[in-house]
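Participant: Sequence first, then the predicted structure, then my questions.
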Amino acid sequence: MRREEVQERLGRLELPFNAYGVDPYGVSRWHLGVMFEVQAFFYRNYFRVKCHGIEHVPARGRAMLVGNHSGGVAVDGAMVVSSCFLEANPPRLAQAMAEKFIGAMPLASVWASRCGHFTGLPENAQRLLEDERLLLVFPEGARGTAKLYPQRYDLVDFGTGFMRLALKTRTPIIPFGFLGGGSAIPTVANLYGLGRALGMPYVPVTPYLLPLPLPVPLEIHYGEPLVFEGTGNEEDSVIQGYVEQVKARIAGIIEQRRHERWQGGVKP
Amino acid sequence: MRVLILGITGAVARRVAMNLHARKHTVVGIDTRPWPGAPKGIEVHVEDLRKRAAEDLFRTRRPEAVVHMATVTSLRVQGEERHRINLGGTRVVFEHCQAYGVKHAVFVGRHTFYGAAPDSALYHTEDEPPKELASFPELADLVAADLYASTALWRTPELATSVLRVCYTLGPSAKGTLATFLRGRRVPLVAGYDPLFQFMHEDDVASAIVRTVEKRPRGIFNVAGPQPLPLSVIVRQAQRIGVPLPLAVLRQLIGRFGLPRLPPGALNHLKYPIVVDARSFHAATDFRHQYDEIQTVQSFLEANPPPPPHREQVRQRLETLGVMKR
């Protein structure tokens, strides 16, 4: 059933695939099919992801999903991408801005780029937005995934590049809160030396040593789009103010949901 | 218009010459290689463009436009001589253009100028600097020639200069870097990598150059046609066998066992993509490609079917010699 559903949704994905099933960025229908079949299992059966507010993700046109990083590896990114594919109508491909080290890694670089996730460069992001794609950005960067278990709901400093880009390309920002990633991969330490040796920022360590995710229920909450007016060339203080608004919105979503969970259910 | 084409016997340059000739331009060409059977009306001179005889052609024929396609890659010429051809030749061309009142110079360069790197933007724009020259020194003279041609934009403002950075060409002639790479039965790939390759049909490249000659746009332009494809897809559609090998192994085997010869620096181009953004060129010249990526690969395949297996080749040879009978 999963295969049929994924193939049906792939057929409705509004990307300009050519006869070889490849789009102008090298995104491959075949690779997406394999990836989403695997991720649909994790999304539905392993993590039992609850997605709220998917209607805030526009059906077509440029938009930027901006949210909190959570968990030592990119489980959050994979589940957000899956939610846009499995829950949105028509399905959309959220394209993440990947860390630079992924572009240099064998296999990982191929799979990332064939599935639409390119190195996090402003040029790549701008081009995708101008091409009316859906961009996924974690402004906390690698510092966000490096959060240890006790800080799992905290937000570290946001970069400002995403805001300048949103202003420059007149892109709405859809804030989202991701909950549960810190429990799925409860990081107790990060091995920065080993990471450097392997060409990565760090290697997360869990109480059971390996950074394999536990079958913990995850939640994604999309908020209403935020639209900022400007050119992208504003003073740093202005940009920082806008970024703080986005950060506060994401923190608000997380806090609200934690409070609701504490009370035992999602409020209407 | 009187057009002088340098390096006229190349596969694309011939198409440019014939295209310009068909459009009633006067075409004169220089190359060190002859063009047997050149169409009547196209004047071909077998000369080295750095020699006096080539300068005489500038003086006597007084071309209004010069198309410089007389650069070579490391696949054709090795070492110092390649530097002399690419850099020395380009310098001479622009000196002659200035001295003999040429109005428009077209330098046909390559998109590999940008270099292949994991942290490069997927679509390169014209204002980006070259990357990764340290790991691919065989590319340095072509990059230097490109930059030298680009400086003509401000050194000689009276000369309209168009610097074209053209992506790989593919087509029936099977000439060019990508076609040479795909010519054999087996095509080496770097295991774990599958870069995007951007290519155009030879006829489209020729018509892009002809359009440049006629529209005379000043500046540096990336030239590309259809969308890029992953290398593995091109190999598969060209009915070749992709052989993914670890980089260290590939470095040792390249040029042996029927695998194509490549400079070591070129192996980076089998790992990371070089794709160019050609929107400026399209805006300046209104150029639109005629062949899409599927037709382009197909045209290469039809003219160059994969060679039969080695065992079959030996059998055919023995049958030809009469040693074996089928």
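Facilitator: That came through fine.

Participant: Please work out which residue of chain B is closest to chain A.
Facilitator: Nearest residue of chain B to chain A: B:Gly192, at 2.5 Å (Cβ to the nearest Cβ). Where C-beta positions appear, they are placed from N, C-alpha and C, glycine not excepted.

Participant: Tell me the spatial nearest neighbour of that residue, not counting adjacent residues.
Facilitator: Of all residues not flanking B:Gly192 in the chain, A:Pro106 sits nearest, at 2.5 Å (Cβ to Cβ, 6 or more residues apart in numbering or on different chains).

Participant: List the residues that contact the one you found.
Facilitator: Counting by Cβ atoms under 8 Å, 6 or more residues apart in numbering or on different chains, A:Pro106 touches B:Val190, B:Ala191, B:Gly192, B:Tyr193.

Participant: give me that answer again for 7 Å
Facilitator: Residues in contact with A:Pro106 (Cβ atoms under 7 Å, 6 or more residues apart in numbering or on different chains) are B:Ala191, B:Gly192, B:Tyr193.

Participant: Select only the buried ones of the residues you listed in PyMOL?
Facilitator: Selecting only the buried entries of the contacts of A:Pro106 in PyMOL, with 16 or more other Cβ atoms under 10 Å in any protein chain shown as the criterion:
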select buried, chain B and resi 193
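
Participant: Let me have the contacts of A:Pro106 in JSON lines, adding pLDDT and secondary structure as columns.
Facilitator: Converted to JSON lines, the contacts of A:Pro106 look like this (pLDDT from 0 to 100; DSSP: H, G, I helix; E, B strand; the rest coil):
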{"residue": "B:Ala191", "pLDDT": "94", "secondary structure": "coil"}
{"residue": "B:Gly192", "pLDDT": "94", "secondary structure": "coil"}
{"residue": "B:Tyr193", "pLDDT": "95", "secondary structure": "coil"}
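
Participant: for the residue of chain B closest to chain A, what are its contacts?
Facilitator: Contacts of B:Gly192 by Cβ under 7 Å, 6+ apart are A:Pro106, A:Leu107, A:Val110.

Participant: Report the separation between the second one and B:Ala191.
Facilitator: This means A:Leu107. 9 Å (Cβ to Cβ, to the nearest Å).

Participant: Output the strand ranked longest in chain A as CSV, nothing but the C-alphas.
Facilitator: Across chain A, the longest stretch assigned as strand under DSSP state E is strand A:173-179. Output of strand A:173-179 as CSV, limited to C-alpha atoms (Å, rounded to 0.1, in the frame of the first residue of the first chain):
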residue,chain,number,x,y,z
ILE,A,173,8.2,32.2,6.0
ILE,A,174,6.2,29.3,7.5
PRO,A,175,7.5,28.8,11.0
PHE,A,176,7.3,25.3,12.4
GLY,A,177,8.0,23.6,15.7
PHE,A,178,9.4,20.1,15.8
LEU,A,179,8.9,18.1,19.0
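
Participant: Packing partners of the next helix or strand after it?
Facilitator: The element immediately downstream of strand A:173-179 (helix or strand, assigned by DSSP states H and E) is helix A:181-184. Packing contacts for helix A:181-184, counted by 3 or more Cβ pairs under 7 Å, 6 or more residues apart in numbering or on different chains; DSSP states H and E, involve helix A:75-86.

Participant: ok, is the helix or strand following the helix it packs on in contact with chain B or not?
Facilitator: Using DSSP H and E, the helix or strand that follows helix A:75-86 in sequence is strand A:94-98. No - interface with chain B: strand A:94-98 contributes nothing (Cβ under 7 Å from any Cβ of the partner chain), its closest point being 10.5 Å away.

Participant: Just checking: what are the partner strands of strand A:94-98?
Facilitator: Within its sheet, and counting by DSSP bridges, strand A:94-98 is paired with strand A:118-119 (parallel), strand A:134-137 (parallel).

Participant: hmm, who's touching that strand?
Facilitator: In contact with strand A:94-98 (Cβ under 7 Å, 6+ apart) are residues A:65, A:77, A:80-81, A:84, A:112, A:116-120, A:125, A:128, A:133-137.

Participant: Provide the secondary structure category for the residue of the stretch 1-150 of chain A found nearest chain B.
Facilitator: Chain B sits closest to A:Pro106 of the stretch 1-150 of chain A, with a gap of 2.5 Å, by Cβ to the nearest Cβ. Put simply, A:Pro106 is coil when judged by DSSP: H, G, I helix; E, B strand; the rest coil.

Participant: Look up phi and psi at it.
Facilitator: The phi and psi values for A:Pro106, taken as degrees, to the nearest 10, are phi -60, psi 150.

Participant: how close does it get to B:Pro244?
Facilitator: Following Cβ to Cβ, the distance that separates A:Pro106 from B:Pro244 is 10 Å.
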